[in-house]
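*Asks:* Sequence and predicted structure below; questions after.
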Amino acid sequence: MTSDEVKTEFVVSDYGKTNVKLLFVRKGQSKHLIKELEVSSALTLNNHRDYVFGDNSDIVATDTQKNTVYILAKKHGIKNIETFALILSNHFLSKYPHVVATKISVQEYPWKRVQMDGQPHNHAFQYIADCTRVCEVNQKRNEKPVVMSGIRDLRVLKTTQSAFKNFHQDEYRTLPDTDDRVFSTVVTASWWYNTASGFCFDKAWETVKATIMEKFAGPADKGVFSASVQHTLYISSQAALSRIPQMDHIEITLPNKHYFDVDFTRFPQVEFAGSENNHVYLGVDKPSGNIHAKVKRAASAKL
Ligand SMILES: O=c1[nH]c(=O)c2[nH]c(=O)[nH]c2[nH]1
């Protein structure tokens with residue numbers, strides 16, 4: 001043993017292909033269906049001969065993993081990203097006995113069917129990126145798969161019905177109380193299911209998105225009041241848990257994308273009469289606040 005060959009053990013190891021791009025089109029009926037995905041796979045083997053000794057004999061090559069993504073899409077089609085990730089995970093574990101764990105991550109491109117003269121088009125689509133749908137399936141051999149679904153990059157803003165006041169007062173505080181501010185954020189939400197079957201992943205995803213929008217925006221005419229980003233995050237999480245029994249827990253991150261009032265008192269010689277309803281804000285990219293929580297049902301709620 002040389003001085004470099006200290007005794008080691010692996011904390012984690014996995015390997016795979018990232019961002020395998022694939023466009024799936026289902027024809028056969030006049031209305032074509034499409035899914036464009038980026039799929040990442042990662043496998044953990046039951047030994048480390050590859051890492052330790054340079055023995056490649058157990059490696060299911062990342063190129064093979066990429067081919068598998070295309071082959072299983074062709075064979076099984078893509079109903080939704082979660083179902084496809086489960087198919088991939090199951091395939092790797094059943095085909096390769098020396099694979100002990102899988103991680104499959106999928107991101108879906110936000111293609112929407114074109115509406116032409118109020119009619120849904122048979123085969124034309126538009127990329128409307130209001131947010132991105134993602135999922136991740138983790139599965140250990142002889143265990144049930146753990147499915148996470150998520151929303152990324154859902155950017156929203158409202159011009160009123162947001163306050164932030166009565167927060168901690170001390171000699172470091174300069175921010176005044178406000179009853180009315182711009183509230184803007186970019187939602188990242190991930191939630192984990194307590195089962196992988198017996199319900200519809202699409203419906204659940206749409207429900208979480210609609211819940212987040214509802215708790216942020218409220219009814220079209222009056223909106224809904226936000227006491228803080230924290231409170232809005234919590235009521236969204238709580239409502240999502242109450243609407244989806246298959247949800248085990250949900251993690252939401254809401255950066256507070258600040259829009260500060262421009263201080264026009266600094267322009268005492270400018271005449272602003274008649275412009276009371278014009279509001280000008282300074283958008284500040286960095287730093288932003290960052291509000292984050294992972295919420296689950298209380299143990300007593302499960303009884
Ligand atoms: O909703 C908010 N939560 C905070 O914790 C915070 N901190 C801050 O400066 N502004 C805000 N707004």
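*Replies:* Now that the structure is in, tell me what you want to look at. Numbering: from 1, shown residues only.
*Asks:* host element of the closest residue to residue 244 other than its chain neighbours?
*Replies:* Excluding the flanking residues, the one nearest residue 244 by C-beta to C-beta, 6 or more residues apart in numbering is residue 204, at 5.3 Å. To be clear about C-beta, it is placed using only N, CA and C from the backbone, and glycine gets the same treatment. Take DSSP states H and E as the rule and residue 204 turns out to sit in helix 201-217.
*Asks:* Counting by contacts, list what that helix packs against.
*Replies:* Applying 3 or more C-beta pairs under 8 Å, 6 or more residues apart in numbering; DSSP states H and E, we find helix 201-217 packed against helix 81-95, strand 146-158, strand 183-193, helix 229-243, strand 247-256.
*Asks:* Try it again at 7 Å.
*Replies:* Under the contact definition 3 or more C-beta pairs under 7 Å, 6 or more residues apart in numbering; DSSP states H and E, helix 201-217 sits against strand 146-158, strand 183-193, helix 229-243.
*Asks:* Out of the ones you listed, flag the one nearest residue 262.
*Replies:* strand 183-193 (15.9 Å; C-beta to C-beta).
*Asks:* quick one, the closest one and helix 201-217 angle?
*Replies:* With axes from the mean of the first three to the mean of the last three C-alpha atoms, to 10 degrees as the basis, strand 183-193 and helix 201-217 are set at 150 degrees to each other.
*Asks:* coming back round to it: outside of the helix holding residue 204 itself, list whatever touches it.
*Replies:* Taking contacts as C-beta atoms under 7 Å, 6 or more residues apart in numbering, the residues outside helix 201-217 that touch it are 80, 82-83, 133, 149, 151, 156, 158, 187, 189, 191, 223-224, 232, 235-236, 239-240, 243-244, 246.
*Asks:* Stretch 121-140 now?
*Replies:* Here stretch 121-140 makes contact (C-beta under 7 Å, 6+ apart) with 30-32, 34, 81-82, 85-86, 89, 93, 100-115, 145-154, 205.
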